[in-house]
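Engineer: Okay, here's the prediction I keep looking at, along with the sequence it came from:
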Amino acid sequence: MTAEPNRRTADLYLWYATLAEASFWVPVFFLYFAAYLPLDAVLLLEAIYFLSVVTIEVPSGWLSDRLGRRPTMLVGASLMAISHLMLFVGPWFFAGDVVNSPLFMFFAIGQGLRAAGVAFRSGTDTALHHDALAACGLGHEFADREARAAKRRFLGAAGAALIGGGVAVIDLRLPYACSFIVAAAMMIIILRMREPSAGDDARTHANILTQAGACLAQWRSPALLLLFVFAAMMLVLNHVPYEYFQPYIEAALGRDGLDAASTPLVTGLHVAVTFWLASLVGARSIRIRNRIGLWGVLLIAMALQVFTIGVMSLWLSPLIVVLLLLRSCPRALMTPPLNAAVTGSIPTKLRATYLSLQSFVGRLSFSGTLFLLTLAVPATAAAAWPTIRTQLGFAAIGSLVFFVFIAVVAIVRGRRDDDMGAPQQDTSSASAT
């Protein structure tokens, strides 16, 4: 029987999810780079990261659909381990405080490898979860189990943020050492998984261009096309508060005369509470979807993020710092319903490529957004409040335009998409043995 290895793989996925977002550097990455490089170099490093992801995103999804989920995820975890090790040791071996300095170039390579690691797991891990459940006759549990996985991801991220912020008070490099250890642990978990059992037609034999064309053909469904656009736009919106919350908190602490040395600990605590709150929302996201419908959930998530960006751009206040505790709740609210709606609607042999293509467009859009925001201020501007306020102001205007567009189209379509991803009786158990 093949059901037992597939069930074990689905259960291991929950442990994998706990570690997948356990990035100890999240509370301090902006502060870390800014300690060695000017603001324009920091934003360029983030833009390089996103450009690197988009370069590898679709090819990695195609490899997953062609070669399998498990080997693709293993490559991703290995690249994450290497990148975190590089970002940890960089300042010991290289120097430079400007763009094109040896340290900037080494950081850029590390960012590129981290991007490759993210790309190789992006979409593939969700596809593996769905495939493993379907292969053991539990495909109808996917939405609820994705909500559990979302809770695990945010709890893992919360614990990592708390530890990362604490050790960063000692040395800003230490969070990257912790992330290296976690990436190694992820490799062990993936090695214990098994490739989900599937029929002969579950793996693609098409080349990458044919595969991408087949994915684009899925847009014959207006519902999938609208969800694709929504996912890409929300990736941009979700990342704006993520990129700016650290310098925002640092500016708020400095205005109130608090010691800047306490910033890593404050941001660590802040991120820990942020992800804990998001874990509560993620665990309930499917129940909320069942009550108010798919687009009710998605529009609420988008409206919350637009509001967050708007108030960040208008005021520098401890009250906004408290509000930023909710910055990950929109992502937690939208992700399980969105995954359930999209993943089950795409054929298995296209699934990872399609999800990677969805991430590709979103990350490419955000990379372009970062480049545009660097043009809004002088190249040598420091990460001070006037600079942050200017860039957030442009981001707020753009996010409002995004929201109005999506809301109008969703309202015109009415409630026709609300059944996407809803639980259905599974009929695949016969093929799981």
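Structural biologist: Perfect, I can see it now.
Engineer: Tell me how many other residues crowd Ser313.
Structural biologist: Applying other Cβ atoms under 10 Å, we find 22 residues neighbouring Ser313. C-beta coordinates here come from the backbone N, C-alpha and C atoms, glycine included.
Engineer: What of Thr126?
Structural biologist: Neighbours around Thr126, by other Cβ under 10 Å: 23.
Engineer: Val342 is in contact with that one, correct?
Structural biologist: No - between Thr126 and Val342 there is no contact under Cβ atoms under 8 Å: 9.1 Å.
Engineer: shared neighbours of these two, which are they?
Structural biologist: Shared contacts of Thr126 and Val342 (Cβ atoms under 8 Å, 6 or more residues apart in numbering): Leu355.
Engineer: For the biggest helix by length in the chain, buried residues please.
Structural biologist: Longest helix of the chain, by residue count under DSSP state H: helix 222-255. Within helix 222-255, the residues that qualify as buried are 223-224, 226-253, counting by 16 or more other Cβ atoms under 10 Å.
Engineer: Quick check: the gap between Leu224 and Val412.
Structural biologist: Distance, Leu224 to Val412, by Cβ to Cβ, to the nearest Å: 16 Å.
Engineer: Same question for Leu31.
Structural biologist: Between Leu31 and Val412 the distance is 44 Å, computed by Cβ to Cβ.
Engineer: quick one: which of the two has more around it?
Structural biologist: Set side by side, Leu31 and Val412 show more neighbours around Leu31, with 21 against 7, by other Cβ under 10 Å.
Engineer: contacting residues for the more buried one?
Structural biologist: Contacts for Leu31 (Cβ under 8 Å, 6+ apart) come out as Ala168, Leu172, Gln246, Pro247, Glu250, Thr263, Pro264, Thr267.
Engineer: switch to 7 Å and redo it
Structural biologist: Leu172, Gln246, Glu250, Thr263, Pro264 (Cβ atoms under 7 Å, 6 or more residues apart in numbering).
Engineer: just to revisit the earlier point, what element comes up after the longest helix of the chain heading to the C-terminus?
Structural biologist: Per DSSP states H and E, the first helix or strand lying C-terminal to helix 222-255 is helix 263-292.
Engineer: Quick one: residues in contact with the following helix or strand past that next one.
Structural biologist: Once helix 263-292 ends, the next helix or strand along the chain (criterion: DSSP H and E) is helix 294-314. Contact with helix 294-314 is made by 230, 234, 237-238, 240-241, 244, 248, 285, 288-289, 320, 323, 326-327, 329-330, 333-334, 337-338, 341, 389, 392-393, 395-396, 399-400, 403, 406-407, 410, 417-418, 420-421, as judged by Cβ under 7 Å, 6+ apart.
Engineer: Next, the angle from helix 294-314 to helix 263-292.
Structural biologist: On the basis of axes from the mean of the first three to the mean of the last three Cα atoms, to 10 degrees, helix 294-314 is oriented at 150 degrees to helix 263-292.
Engineer: residues near Trp315, how many?
Structural biologist: By other Cβ under 10 Å, 12 other residues sit near Trp315.
Engineer: correction: Thr124
Structural biologist: Neighbourhood size, Thr124 [other Cβ under 10 Å]: 28.
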